[in-house]
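# Everything below, folded, please.
(4 chains)
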There are 2 protein chains.
Amino acid sequence: MSVTMKQIAAIAGVTPTTVSLVMKDSKKVSAKTKEKIRKLMGDMDYYPDISASNLKQGKTNTIAVLSTFLHGIFKMEFVNGVESVIIDSPYRLNQFYTRIGEEAKKHKEILLGKMADAVITMSLNTDPAMLHTMRGKGKHVVLVEDVLEGFPGVKFDNFRGAYMATEHLIKSGRKKIAFSIAEFKMYSGHQNVDERLKGYKKALKDNNIEFDKDMIVELPNYTIETGRSIFTTLKNNRIKYDAIFCASGDLTAAGFLKEAAANKIGVPDDIAVVGYDDTIIASATSPGLTTIRQPAFQMGQAACRLAISLMEQKSGDNNRIIVFNPELIKRESA
Amino acid sequence: MSVTMKQIAAIAGVTPTTVSLVMKDSKKVSAKTKEKIRKLMGDMDYYPDISASNLKQGKTNTIAVLSTFLHGIFKMEFVNGVESVIIDSPYRLNQFYTRIGEEAKKHKEILLGKMADAVITMSLNTDPAMLHTMRGKGKHVVLVEDVLEGFPGVKFDNFRGAYMATEHLIKSGRKKIAFSIAEFKMYSGHQNVDERLKGYKKALKDNNIEFDKDMIVELPNYTIETGRSIFTTLKNNRIKYDAIFCASGDLTAAGFLKEAAANKIGVPDDIAVVGYDDTIIASATSPGLTTIRQPAFQMGQAACRLAISLMEQKSGDNNRIIVFNPELIKRESA
DNA sequence: TTGTAGGCGTTATCAA
DNA sequence: TTGATAACGCCTACAA
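Take a look at the predicted model:
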């Protein structure tokens, strides 16, 4: 079906070995032979069979990104960051998804099935035993967000992000600050949920504001519709508040803004709103959303560079965790 | 490094052939042998080497999605649609990017280099000669958006979408309708640009409104910032208008909304706004954006199903172009 | 500077 | 029901 080295070699009157050397631009081949073979490869649309090459070399030069199905804007930006590093590297990128609960199996399938030499694992609960096994077999896993001590990873400082958001609200004169976050039960094990709550509490404490658990709204997901329900829930519960920190993300904050507007509540005059993520959504709302920027693109780049460094056995990156500092982006909502 | 069939076979006291048959759940193997081997595979973390399998079988069971680097929300939803079909199929998905101008080469690299058996090509200018070559070699390409007569593809009816948007504005009493779109020069060859302009013009004509080229704003890209410039440009040019159809997409419409608000122009009271795409952005703006829904997720599903049908040689899908009808989504902006 | 030969792990064919 | 053998296309010693 497709052209092989053998065919090229036959026509050029050399052996496949020579063709192979030309592919690597080896200086052991004469310029004349090279040129002749290159021309043939072009004319005949020769492209090396990656499967054969991988099989022979025992590696794939491929980095995998593994996440759950149905990803959102944050993952999109992260993957764009990964790609931006890949594009100027000799590696390829391959994205995989997994169902919750099948993470370990999927890791093995990818790494032991020789689909990739390294996996970048996005926000998944990973099994330390599996990570140890993979390490023992010379396979690499870079954890994102839900990192594990002793394994390479990249993450944001969610505590600090939440602290900054809460502090900003307090500094601008707010005293009664509501807080929305993913359901603790559903998302248990995801570090960002715990850390953000801690950051919020600490900022309150440092400013002598008492924590009130009625101010916490837990959400089953991160949609705009669910964001609207934050407003409704607080209203139904007759909570008095002058600010809300939507640690559940920009999308939910956007929903809150819409529902507040529908109820003729002014933002930020009546209620100040801070989101989380600084995805494109935060720039699109009116008023513009003050939020915590998580540089997903840069984090993707860092994760990819870390994976490459591991594959190339550089230094002692084997248990390095890179922490990114979030940044407060002030717009109009707070 | 990793476990191979040979090792499993040796320990089980059978030959690799038998192990291979167990992998395919062949009924030629006795239940007892199967069970023993399955257990061993589990215990030893055996996963078949995909490269070896691909090489031997001469196919990859993989579908590629090819697009340009740095994709946006639309592509994200499209790919989610593709994945939703893949997840319940025996196929794998692999995403690739290409630089503009290298499309043909990338297609060949993927298909002839055996990285995938079919390519879903997103909004790229493809070379018919290359498509013919691939077809001759039994490789499949599904075109998305920029389709070509005689080749399989999926697309939206952009003419109809633009017509609907414009007609909606006219029916709601607007007479002077501005129009924003990607730069014609830069995006020449992309069918949606031409088709949307035609739809806009036709709707005007059918309603006895004269086309005025001063009403057209051409944009170099699709960002929110660029969307703000639509407002500024029209203002600087002293154009009188009571509505705008941002055929350049929701993101640019969101930018327009923000700049209009900053200039104390009411939407929709002073100016009605219609966007294009119905991505998540349209739900996040205030006022909510009336827009043309392009079901990207469903289109991804259709593209993937078409690719699978081609690979499985079903019917005469070889030159089938599936056209999706857009839908007007009314929110508050018009 | 080029050629020979063997094998990577899997699967298909044929034989037992 | 299982085994022996060869081959997919490429790469890498080593030989010439």
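# now the closest residue to DNA strand D within the stretch 151-300 of chain A: how far from residue A:125?
Nearest residue of the stretch 151-300 of chain A to DNA strand D (CB to the nearest atom of the strand) works out as residue A:152 at 26.7 Å. C-beta coordinates here come from the backbone N, C-alpha and C atoms, glycine included. Note on residue A:152: its distance to residue A:125, by CB to CB, to the nearest Å, is 17 Å.
# neighbour-wise, which of these two wins?
residue A:152 (25 against 15; other CB atoms under 10 Å in any protein chain shown).
# Touching, that one and residue A:316? I think so.
No. With contact defined as CB atoms under 8 Å, residue A:152 does not count as touching residue A:316 (10.0 Å).
# Residue A:169 - how many residues pack around it?
So residue A:169, with other CB under 10 Å, has 27 neighbours.
# State the next helix or strand along the chain beyond whichever helix or strand it is part of.
Residue A:169 belongs to helix A:158-171 when assigned by DSSP states H and E. The helix or strand immediately downstream of helix A:158-171 is strand A:177-182, counting by DSSP H and E.
# Please work out which residues outside that following strand touch it.
Strand A:177-182 has contacts (CB atoms under 8 Å, 6 or more residues apart in numbering or on different chains) with A:166, A:169-170, A:190, A:193, A:196-197, A:200, A:204, A:209, A:215-222, A:227, A:230, A:234, A:239, A:241-248, A:252, A:256.
# Which of these fall in helices?
Among the contacts of strand A:177-182, the members falling in helices (DSSP state H) are A:166, A:169-170, A:193, A:196-197, A:200, A:204, A:227, A:230, A:234, A:252, A:256.
# These, buried ones only, as a PyMOL selection?
With 16 or more other CB atoms under 10 Å in any protein chain shown as the criterion, this PyMOL line picks the buried residues out of the ones in helices among the contacts of strand A:177-182:
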select buried, chain A and resi 166+169+170+193+196+197+200+204+227+230+234+252+256
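# where does residue A:21 fall, phi/psi-wise?
phi -60, psi -40 (degrees, to the nearest 10).
# Find me whatever residue is spatially closest to it, sequence neighbours aside.
residue A:29 (5.0 Å; CB to CB, 6 or more residues apart in numbering or on different chains).
# I figured residue A:82 was touching residue A:66, is that so?
No. Judged on CB under 8 Å, residue A:82 makes no contact with residue A:66 at a distance of 11.7 Å.
# More neighbours: which of those two?
It is residue A:82, of residue A:82 and residue A:66, that has more neighbours when counted by other CB under 10 Å, with 25 against 22.
# Now the element after the helix or strand encompassing that one, going C-ward?
According to DSSP H and E, residue A:82 maps onto helix A:73-86. Next helix or strand after helix A:73-86 toward the C-terminus (DSSP H and E): strand A:92-98.
# what are the C-alpha coordinates of that following strand, in PDB please?
Extracted C-alpha coordinates of strand A:92-98, given in PDB (Å, rounded to 0.1, in the frame of the first residue of the first chain):
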ATOM      1  CA  ARG A  92       4.700  14.000  19.500                       C
ATOM      2  CA  LEU A  93       1.600  14.600  21.600                       C
ATOM      3  CA  ASN A  94      -1.200  12.200  22.000                       C
ATOM      4  CA  GLN A  95      -4.300  12.900  24.100                       C
ATOM      5  CA  PHE A  96      -6.200  10.200  26.000                       C
ATOM      6  CA  TYR A  97      -9.200  10.300  28.200                       C
ATOM      7  CA  THR A  98     -10.200   8.000  31.000                       C
END
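# partners of it, with directions?
Neighbouring strands of strand A:92-98 in its sheet, by DSSP bridges, are strand A:62-68 (parallel).
# any bit of the strand it pairs with sitting next to DNA strand D?
No. Taking CB under 7 Å from any atom of the strand as the criterion, strand A:62-68 and DNA strand D are apart, separated by no less than 14.2 Å.
# any idea what the nearest residue to residue A:189 once chain neighbours are set aside is structurally, helix, strand or coil?
Once flanking residues are discounted, residue A:189 sits nearest to residue A:125: 4.7 Å by CB to CB, 6+ apart. Under the three-state scheme (DSSP: H, G, I helix; E, B strand; the rest coil), residue A:125 adopts coil.
# Would you confirm that residue A:125 contacts residue A:104?
No. Using CB under 8 Å, residue A:125 makes no contact with residue A:104, being 9.5 Å away.
# could you list every residue that touches the residue nearest to residue A:21?
A:18, A:21, A:22.
# Which member of these is positioned nearest residue A:33?
residue A:18 (6.5 Å; CB to CB).
# For that closest one, give me its contacts.
A:9, A:12, A:29, A:33, A:37.
# now do residue A:147
A:153, A:154, A:155, A:191, A:321.
# In helices, which of those residues appear?
residue A:191.
# Now do residue A:263: how many residues are near it, please.
Residue A:263, neighbours per other CB under 10 Å, totals 11.
# err, residue A:296, not the other one
23.
# Apart from its chain neighbours, what residue comes closest to it?
residue A:77 (3.9 Å).
# I'd assumed residue A:279 was in contact with that neighbour.
Yes. Between residue A:77 and residue A:279 there is a contact under CB under 8 Å: 7.0 Å.
# Neighbour count: the two, which is higher?
Between residue A:77 and residue A:279, counted using other CB under 10 Å, the more crowded position is residue A:279 (26 against 22).
# give me every residue that touches the more buried one.
Per CB under 8 Å, 6+ apart, neighbours of residue A:279: A:73, A:74, A:77, A:250, A:251, A:296.
# Residue A:91 and residue B:95, how far apart?
In terms of CB to CB, residue A:91 sits 14 Å off from residue B:95.
# about what we covered before: which pair of the contacts of residue A:18 spans the longest distance?
Largest pairwise distance in the contacts of residue A:18, by CB to CB, is 12.3 Å, between A:9 and A:29.
# Would you mind listing the residues touching both of residue A:77 and residue A:279?
residue A:296.
# how about the residues of the stretch 201-334 of chain A near DNA strand C?
Counting by CB under 7 Å from any atom of the strand, the stretch 201-334 of chain A has no residue next to DNA strand C.
# could you dump stretch A:103-116 to PDB, C-alpha only?
Extracted C-alpha coordinates of stretch A:103-116, given in PDB (Å, rounded to 0.1, in the frame of the first residue of the first chain):
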ATOM      1  CA  GLU A 103      -7.000   5.900  35.800                       C
ATOM      2  CA  ALA A 104      -4.500   3.300  36.800                       C
ATOM      3  CA  LYS A 105      -5.400   0.900  34.100                       C
ATOM      4  CA  LYS A 106      -5.300   3.700  31.500                       C
ATOM      5  CA  HIS A 107      -1.800   4.700  32.600                       C
ATOM      6  CA  LYS A 108      -0.600   1.200  32.200                       C
ATOM      7  CA  GLU A 109      -2.300   0.700  28.900                       C
ATOM      8  CA  ILE A 110      -0.600   3.800  27.500                       C
ATOM      9  CA  LEU A 111       2.800   3.300  29.000                       C
ATOM     10  CA  LEU A 112       3.100  -0.500  28.900                       C
ATOM     11  CA  GLY A 113       1.200  -0.700  25.600                       C
ATOM     12  CA  LYS A 114       3.800   1.600  24.100                       C
ATOM     13  CA  MET A 115       1.500   4.400  23.100                       C
ATOM     14  CA  ALA A 116       3.700   7.000  24.800                       C
END
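# who touches the nearest residue to residue A:90 once chain neighbours are set aside in this structure?
Leaving aside its sequence neighbours, residue A:90 sits nearest to residue A:61 (CB to CB, 6+ apart; 6.1 Å). Going by CB under 8 Å, 6+ apart, residue A:61 touches A:54, A:90, A:91, A:92, A:117.
# Out of those, which is nearest to chain B?
The closest of the contacts of residue A:61 to chain B turns out to be residue A:54 (CB to the nearest CB; 3.9 Å).
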